[in-house]
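Colleague: kindly return the folded structure for what I paste below:
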Amino acid sequence: MRAGRGLPRGGWAEWLRRADALPRYTSHLILILLTLLVTYFGSLRPFDLRFEDWIRPASASTGLLLMPGSSIALTPDHLLKNISPVTVIPPRPRREVIPYTVQSGDTVFGIAEKFGLQPTTILWSNPELENNADLLALGQEVFIIPVDGAYHQVGAGDTLESIAQVYKVDMSAIINAEWNKLRPPHELQIGSWLVIPDGRKPILLHMVRAQYAGPPPPGAAQGTGNFMWPVSGYITQNYWQGHLGIDIGGPCGTPIYAADSGYVSAIGWEGGYGNRIVINHGNGFETMYAHLSQILVNDGTSVGKGALIGRVGNTGRSTGCHLHLEIRQYGNKRNPYGFLPR
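Modeller: Residues are numbered from 1 along each chain as shown. Below is the predicted model of the structure:
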């Protein structure tokens, strides 16, 4: 065998010189790698996983449920820390009728939404509101029943059969309703109250007549048929079956203007409406403005479209400063949204 096969040119001396340099290169390389690793891991810290939009279970090993806004801190050794577990309790159905005290700004629609009921359920559970949702008053107590339907006070001559017919339900629905606590032979006590699940009352058409008895004043302005918004503000209650007008919220004292030309056919106090103005537009239309703090026109006065007629108030059965506006066509209360500009 020839000496030096496989060795670098120059023989053993050259190979040993190069081999002696290897540890120096290796140590430099290791030092650089260590520096990079220290820098990298030194910049790491536990990080948060936030679940803002979804509810997600953690791993099966934890058995925890994460709610929106909770977080998990993960460390390099995968230990879980800073967990705020939340016990999720499903809402329990109400088992009884409860009273609710009307607060400032409440509406029948808002109260119904608060308790997960239909607005008509609030009306049909409280006889004083049944014909007009505007009769809701601050501090008033209203019945809140557990389910949608109606709340009926037993009167003389009432039977389960007759009550079921009025509310268009099967008699068994009343008997089986746990809240009524009826036992055979199912005798009814006058003055007692019954929950009528899914009960409905017939819809009544509301007809109104102007109270001004005299003829239209000479030269009375004629309505154009095009209405304007009578006040600046925001809608607090829409038109619906139990509320045949719209409520426009705003500070007490805000100016109110005639929505169209016509003459004043009624002014003054009217029950739950408080101070109100009715304008006859001479073309089959009337507008009514209720709960006013001030009335600035007289009965029989001719007014032009946009004329100042009063100011927003909180009179009558009202839960806050607002204008209740009704548009009536031949005595029928129409949805104002069908006539006001959008």
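Colleague: since we're on the residue nearest to residue 178 when sequence neighbours are not counted, how many residues are nearby?
Modeller: The shortest distance from residue 178 to any non-neighbouring residue, by Cβ to Cβ, 6 or more residues apart in numbering, is to residue 95 (7.4 Å). Backbone N, C-alpha and C define where each C-beta goes, glycine included. By other Cβ atoms under 10 Å, the residues close to residue 95 number 9.
Colleague: same question for residue 170.
Modeller: Residues lying near residue 170 (other Cβ under 10 Å) number 11.
Colleague: check residue 229 too.
Modeller: Residue 229: 13 neighbours (other Cβ under 10 Å).
Colleague: next one: residue 301
Modeller: Neighbour count of residue 301, defined by other Cβ under 10 Å: 19.
Colleague: next one: the one 4 residues further on
Modeller: The number of residues packed near residue 305 is 18, by other Cβ under 10 Å.
Colleague: can you pull the contacts of the residue nearest to it when sequence neighbours are not counted?
Modeller: Nearest residue to residue 305 in three dimensions, chain neighbours excluded: residue 261, at 4.6 Å (Cβ to Cβ, 6+ apart). When contacts are counted by Cβ atoms under 8 Å, 6 or more residues apart in numbering, residue 261 touches 221-224, 281, 303-305.
Colleague: now rank those by neighbours and give me the top one.
Modeller: Neighbour counts for the contacts of residue 261 (other Cβ under 10 Å) peak at residue 281, which has 27 neighbours.
Colleague: of all the contacts of residue 261, which comes closest to residue 99?
Modeller: If you rank the contacts of residue 261 by distance to residue 99 using Cβ to Cβ, residue 281 comes first, at 42.6 Å.
Colleague: OK, contacts around the closest one?
Modeller: 222-223, 225, 260-262, 287.
Colleague: can you report phi and psi for the closest residue in space to it that isn't next to it in sequence?
Modeller: Ranked by Cβ to Cβ, 6+ apart and with sequence neighbours excluded, the top spatial neighbour of residue 281 is residue 223, at 2.8 Å. With angles defined as degrees, to the nearest 10, residue 223 sits at phi -70, psi 150.
Colleague: how near is residue 223 to residue 260?
Modeller: 4 Å (Cβ to Cβ, to the nearest Å).
Colleague: can you pull the residues that touch both of these two?
Modeller: By Cβ under 8 Å, 6+ apart, residue 223 and residue 260 have these common neighbours: 281, 285, 305.
Colleague: let me know the closest of those to residue 160.
Modeller: Once Cβ to Cβ is applied, the member of those that ends up nearest residue 160 is residue 285, at 45.9 Å.
Colleague: what pLDDT does that closest one get?
Modeller: Per-residue pLDDT puts residue 285 at 95.
Colleague: check contacts around residue 126.
Modeller: Residue 126 makes contacts with 142-143, 151, as judged by Cβ under 8 Å, 6+ apart.
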